[in-house]
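[1] After the sequence you'll find the predicted model.
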Amino acid sequence: MKEIIVVAEHRRGELRDVTWEMLSKGRQLSESLGGELSVALLGKDVKNLAEALKPKANRVLLVEDNRLEFYNSETYEKVLAQLVTEKKPVLTMIGHTAMGMDFAPCLAAHLKIPLATDCIGIDPKNETFDLTRQIYGGKINAAVSFLRKGPQYMVTVRAGAFPVMEKEPLPGEIVSVPSPLTDEALARRFLEYMEAAVGEVDITQADILIAVGRGIKDVENIPLVKELADSVGGVLACSRPVVDKKWLPKGCQVGTSGKTVKPKVYVAVGISGAFQHVAGMKGAGTIIAINKDPKAPIFGVAQYGIVADLFKILPVIKDKIKQLKQK
Amino acid sequence: MNIIVCIKRVPDTADADISIDKSGKDIDKSGLAFDLNEWDSYAIEEAILLKEKLGGTVTVFSAGGEDSNESLRKCLAMGADDALRLTDPAFAGADGFATARALAEAIRKRPYDLILTGTQAEDDGYGQVGVVMAQMLRIPHVSIVTRIDVQEKKIKAHRELEGGLEEVVEVDLPALLTIQTGINEPRYVSIMGIRKVAKKEIKALGASDLNLKPEEVGLAGSDIQLDKVFLPPVGVGAEMLEGKPEEIARKMFDILKDKGGVA
Ligand SMILES: Cc1cc2nc3c(=O)[nH]c(=O)nc-3n(C[C@H](O)[C@H](O)[C@H](O)COP(=O)(O)OP(=O)(O)OC[C@H]3O[C@@H](n4cnc5c(N)ncnc54)[C@H](O)[C@@H]3O)c2cc1C
Ligand SMILES: Nc1ncnc2c1ncn2[C@@H]1O[C@H](COP(=O)(O)O)[C@@H](O)[C@H]1O
């Protein structure tokens, strides 16, 4: 039987969205392969999560151990190496997330299973899989295939790449799998979680966000965007490089490692549209993108696009809005 | 503290008008500017900061063609002591896995306490090479690191998770860390600085120097191969606002009024 294993991702008692997305894609793949779908759940006291996963898979492979209370690449690798060796799934699916990026590459290398990372397309083909990845910051798609032949394969899956489809529930069965972990000392140890400091402005509450990216070139040019935001009663937000360069505080950052925002209107100025950014703003009511590059990926998510040099167009927009508002 | 940093030279594509080349398997790179991978500029800076604080050496590795020397020299100018380049016609077509194997073999016989890589490369974006190297060298790793505190024979590292959350972990040395942007402010390298290191020898190592067989390197040693590249389908795509700047500005105002409630 052809089994697919999805590794469930959860943190602080909650399953993360990428888990449901992988289960949805995994189900479609296992149906087309005539196989079965399993989900591996590792943790401490996570029966409630196992119950929630049950209808989405043929079985929940539940590994409970006090040592699995917090994610750790070393414990995950040990447990999953044993599980994958035993079950021999044709495909193991792991999120391309802070968690998956941290253990999937070493798990695959350890088991000598071919791995394709950050996949946005997975299609079965002659006992193997065809994949789609993005390169050059999302500007180009690449059709990729496994060169080294399995029979087992592993992928990490981009969060948000596959929709969650409603399907009739599966008769999921919870199977307890004994944990292979011992009290052996670990070379890496979890200490604690730390919450980002709360900023002065809460960008998640704004109706209009004017977000600025690396295209702004210099901290001196930030006021250009700030003035636009002020003129429409909006709030300033940004992409990650703007925070990395300390041009704006961390609280302004939109994206996977920043905030998720859902304003009525989101204006992206000089932002290319890397998936880590898009993940944080694609839920906006209306997205307007201003970019000088007509091929920028941001135009694929925006409803309205302006291909222009921001330094030329922003002053005109600002003046025009002032003028129109006075009427 | 002896530190090894792995760096990659990549084309700057964010700002460029890129097109697909004749092979259909890559973009046309003629006319593109190249630079040190963004993530690696933070990794090398972090290594230099640690060296300035704790002493020791910084050695930089890059797998790539002759052009990669330019990025290696930049690292030397920033303060690295030594640079090595892995290069061999047989390395062509290497994916993240094969690249990690070559780097791991080159590093294996050297003394080190810490290895730093970037979290991901701007071009291939595998987000894989560092963590695979750690597995091959049998040392612990921490990925997506935004802060490092070196302690006695161990490091306290902050890992970035989603939504602004961080995870603090402790890891025994020797270890490998993949560095995230924003961890520091990479120093500026002057033309004078580059000139000073222009004569420094950069040793080149090939597959035979690394005791790797032909089937272990390049495309032959890879998990995956790239079959073709294409422009992402845009779906419905954005409605482009066109016209004179004033007209575009008016259309944008109308949208803000309509959808955003701007009065
Ligand atoms: C683990 C991880 C987490 C991450 N989390 C986040 C996150 O939360 N948020 C985030 O944003 N990123 C995040 N990133 C980074 C992400 O991969 C991209 O590097 C980043 O989003 C790029 O930001 P940017 O679009 O501002 O810059 P670039 O990609 O450099 O794009 C700049 C854009 O400006 C345009 N431009 C330049 N000049 C002009 C001009 N004069 N007029 C008009 N347009 C111009 C260019 O055409 C280009 O499209 C993360 C990365 C990793 C690995
Ligand atoms: N050819 C290479 N030479 C040296 N280091 C590399 C090379 N490719 C990738 N790396 C390192 O691995 C990191 C992650 O790259 P990747 O896994 O390709 O996204 C980069 O930031 C570099 O530190």
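    The structure has been received and is ready for your questions. Ligands and ions are numbered 1, 2, ... in the order given.
[2] which stretches of the chain form helices?
    Picked chain A for this. Along chain A, the stretches classed as helices by DSSP state H are A:17-33, A:47-53, A:73-87, A:100-111, A:222-231, A:240-244, A:275-278, A:310-326.
[3] was after chain B, sorry
    Counting by DSSP H, the segments of chain B that form helices are B:38-54, B:68-78, B:96-108, B:129-137, B:191-196, B:245-260.
[4] Pipe these into CSV and attach mean neighbour count and mean pLDDT per row.
    (Each C-beta comes from the backbone N, C-alpha and C, glycine too.) Listed next are the helices of chain B as CSV, based on neighbours: other Cβ atoms under 10 Å in any protein chain shown; pLDDT from 0 to 100:
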stretch, mean neighbour count, mean pLDDT
helix B:38-54, 21, 98
helix B:68-78, 22, 98
helix B:96-108, 23, 98
helix B:129-137, 26, 98
helix B:191-196, 12, 94
helix B:245-260, 18, 94
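[5] Figure out which of those helices is closest to ligand 2.
    Evaluated over those, closeness to ligand 2 peaks at helix B:129-137, with 3.3 Å, by Cβ to the nearest ligand atom.
[6] where does the stretch 51-200 of chain B come near ligand 1, residue by residue?
    Listed as neighbours of ligand 1 in the stretch 51-200 of chain B under the rule Cβ under 6 Å from any ligand atom: B:119, B:120, B:144.
[7] can you give me the strands in the stretch 101-250 of chain B?
    Listed in chain order, the strands of the stretch 101-250 of chain B (DSSP state E, counting those that start in this stretch) span B:114-118, B:141-151, B:154-160, B:166-172, B:175-179, B:203-205, B:224-230, B:239-240.
[8] Ligand 2: which of those is closest?
    strand B:114-118 (2.3 Å).
[9] Mind listing what's buried along the closest one?
    Going by neighbour count (16 or more other Cβ atoms under 10 Å in any protein chain shown), the buried part of strand B:114-118 is B:114, B:115, B:116, B:117, B:118.
[10] Name the strands paired with it and say parallel or antiparallel.
    Paired neighbours of strand B:114-118 in the sheet (DSSP bridges): strand B:2-6 (parallel), strand B:175-179 (parallel).
[11] Nearest to ligand 1: which residue in chain B?
    Residue nearest to ligand 1 within chain B: residue B:14 (3.4 Å; Cβ to the nearest ligand atom).
[12] ok, back up a step: mean pLDDT added to the strands of the stretch 101-250 of chain B, as JSON lines?
    As requested, these are exported to JSON lines (pLDDT from 0 to 100):
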{"stretch": "strand B:114-118", "mean pLDDT": "98"}
{"stretch": "strand B:141-151", "mean pLDDT": "97"}
{"stretch": "strand B:154-160", "mean pLDDT": "98"}
{"stretch": "strand B:166-172", "mean pLDDT": "98"}
{"stretch": "strand B:175-179", "mean pLDDT": "98"}
{"stretch": "strand B:203-205", "mean pLDDT": "97"}
{"stretch": "strand B:224-230", "mean pLDDT": "97"}
{"stretch": "strand B:239-240", "mean pLDDT": "95"}
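[13] can you put the ones you listed in JSON lines and add distance to residue A:245?
    As requested, these are exported to JSON lines (distance: least, Cβ to Cβ, whole Å):
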{"stretch": "strand B:114-118", "distance to residue A:245": "17"}
{"stretch": "strand B:141-151", "distance to residue A:245": "15"}
{"stretch": "strand B:154-160", "distance to residue A:245": "17"}
{"stretch": "strand B:166-172", "distance to residue A:245": "20"}
{"stretch": "strand B:175-179", "distance to residue A:245": "16"}
{"stretch": "strand B:203-205", "distance to residue A:245": "34"}
{"stretch": "strand B:224-230", "distance to residue A:245": "31"}
{"stretch": "strand B:239-240", "distance to residue A:245": "30"}
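[14] Export the ones you listed as CSV, with columns for distance to ligand 2.
    Shown next, in CSV, are the strands of the stretch 101-250 of chain B (distance: least, Cβ to the nearest ligand atom, whole Å):
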stretch, distance to ligand 2
strand B:114-118, 2
strand B:141-151, 10
strand B:154-160, 15
strand B:166-172, 18
strand B:175-179, 7
strand B:203-205, 12
strand B:224-230, 12
strand B:239-240, 33
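[15] quick one on the thing from earlier: dump the helices of chain B into a markdown table; add distance to chain A as well.
    Listed next are the helices of chain B as a markdown table, based on distance: least, Cβ to the nearest Cβ, whole Å:
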| stretch | distance to chain A |
| --- | --- |
| helix B:38-54 | 8 |
| helix B:68-78 | 17 |
| helix B:96-108 | 7 |
| helix B:129-137 | 4 |
| helix B:191-196 | 20 |
| helix B:245-260 | 4 |
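[16] can those go into TSV with extra columns for distance to residue A:221?
    Listed next are the helices of chain B as TSV, based on distance: least, Cβ to Cβ, whole Å:
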stretch	distance to residue A:221
helix B:38-54	20
helix B:68-78	26
helix B:96-108	36
helix B:129-137	34
helix B:191-196	25
helix B:245-260	18
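[17] Please name the residues that touch residue B:263.
    A:325, B:257 (Cβ atoms under 8 Å, 6 or more residues apart in numbering or on different chains).
[18] and the gap between the residue of the stretch 51-200 of chain A found nearest ligand 1 and residue B:95?
    Proximity to ligand 1, evaluated over the stretch 51-200 of chain A using Cβ to the nearest ligand atom, is greatest for residue A:137 at 5.4 Å. Remark: distance between residue A:137 and residue B:95 (Cβ to Cβ, to the nearest Å) = 18 Å.
[19] So these two - more neighbours on which side?
    For residue A:137 and residue B:95, the more surrounded residue by other Cβ atoms under 10 Å in any protein chain shown is residue B:95, and the numbers stand at 26 against 17.
[20] Tell me how far that one lies from chain A.
    Counting by Cβ to the nearest Cβ, to the nearest Å, the separation of residue B:95 from chain A is 8 Å.
[21] ok, and the closest non-adjacent residue to that residue?
    Nearest residue to residue B:95, sequence neighbours excluded (Cβ to Cβ, 6 or more residues apart in numbering or on different chains): residue B:222, at 3.9 Å.
[22] Can you tell me the closest non-neighbouring residue to the residue of the stretch 51-200 of chain A closest to ligand 1?
    Distance criterion Cβ to Cβ, 6+ apart; nearest residue to residue A:137, sequence neighbours excluded, is residue A:274 at 5.4 Å.
[23] Isn't the one you found up against residue A:300?
    No. If you go by Cβ atoms under 8 Å, residue A:274 and residue A:300 don't touch, sitting 11.8 Å apart.
[24] quick one, which of the two is more surrounded?
    Counted by other Cβ under 10 Å, residue A:274 and residue A:300 do not tie: residue A:274 has more neighbours, with 23 against 20.
[25] which ones are touching the more buried one?
    Counting by Cβ under 8 Å, 6+ apart, residue A:274 touches A:137, A:138, A:239, A:297.
[26] Check the burial of the nearest residue to residue A:148 once chain neighbours are set aside by counting its neighbours.
    The shortest distance from residue A:148 to any non-neighbouring residue, by Cβ to Cβ, 6+ apart, is to residue A:114 (4.4 Å). When neighbours are defined as other Cβ under 10 Å, residue A:114 has 22 of them.
[27] doesn't residue A:144 make contact with residue A:114?
    No. Look at residue A:114 against residue A:144 with Cβ under 8 Å: they stay out of range, at 11.0 Å.
[28] anything in contact with each of these two?
    Joint contacts of residue A:114 and residue A:144 (Cβ under 8 Å, 6+ apart) are residue B:224.
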